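In: Pasted the sequence and its predicted model underneath.
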Amino acid sequence: MERETWMGQAVQIAFENVRDKVGGPFGALVVKDGQVVGRGRNEVTTSNDPTAHAEIQAIREACRHLETFQLNDCDLYTSCEPCPMCLGAIYWARPRNVYYACTKEDAAHVGFDDQFIYEQIVLPHEERSIPFQRIDLANKRSPFEAWSQSLDRIEY
Ligand SMILES: Nc1nc2[nH]cnc2c(=O)[nH]1
């Protein structure tokens, strides 16, 4: 199928999500070998889950379906450019391509401005609007040491 057709489906999911009052105006699809392997819609407000963005939901469904944590050879179609949280999830999931329709400026125009998050990332911790403070424990590296020594660890 054409990329525009897949994107049309992502936009339709987003449109129906608003119509059905499930959440924000965002929809996403993961496609592999010409088949939809994951679908996602924004469910933040109905599931009380601030991480339930469309792209995250689609990635979760695709990974469940494919029984993997890496979306090799998969394409992600999203009705809007991903926010910084979804961008992180996308880089961890490693799809082959990301296609988006609306831009983050379009999203900002209707109240979903995530520019401030990009700005927070580069700020020194003490200048962030949510304070980040280090708590130094003697055994803080024990999980990392256990990981390094684990012979059957599954890297990702
Ligand atoms: N791309 C995208 N941006 C968002 N901003 C707030 N929620 C979402 C979402 O689900 N997807």
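Out: Received it, and whenever you're ready, just let me know what you need.
In: Output stretch 122-137 as CSV, restricted to C-alpha atoms.
Out: Extracted in CSV, the C-alpha atoms of stretch 122-137 (Å, rounded to 0.1, in the frame of the first residue of the first chain):
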residue,chain,number,x,y,z
VAL,A,122,19.3,21.0,27.9
LEU,A,123,18.9,23.0,31.1
PRO,A,124,21.2,22.3,34.2
HIS,A,125,19.2,20.1,36.6
GLU,A,126,18.8,22.9,39.2
GLU,A,127,17.2,25.2,36.6
ARG,A,128,14.5,22.8,35.4
SER,A,129,10.9,23.7,36.3
ILE,A,130,10.6,20.3,38.0
PRO,A,131,13.6,20.0,40.4
PHE,A,132,15.9,17.0,39.7
GLN,A,133,18.1,16.3,42.7
ARG,A,134,20.7,13.6,43.1
ILE,A,135,20.6,11.3,46.2
ASP,A,136,24.0,9.6,46.6
LEU,A,137,23.9,6.1,48.1
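In: Secondary structure element for the most centrally placed residue in the chain, which one?
Out: Residue closest to the average C-alpha location in the chain (CA atoms, centre = their mean): residue 86, at 2.6 Å. Under the criterion DSSP states H and E, the helix or strand holding residue 86 is helix 84-93.
In: by contact count, what packs against that helix?
Out: For helix 84-93, the elements it packs on are helix 54-66, helix 115-121, judged by 3 or more CB pairs under 8 Å, 6 or more residues apart in numbering; DSSP states H and E. The way it works is simple: take the backbone N, C-alpha and C, and place the C-beta from them, glycine included.
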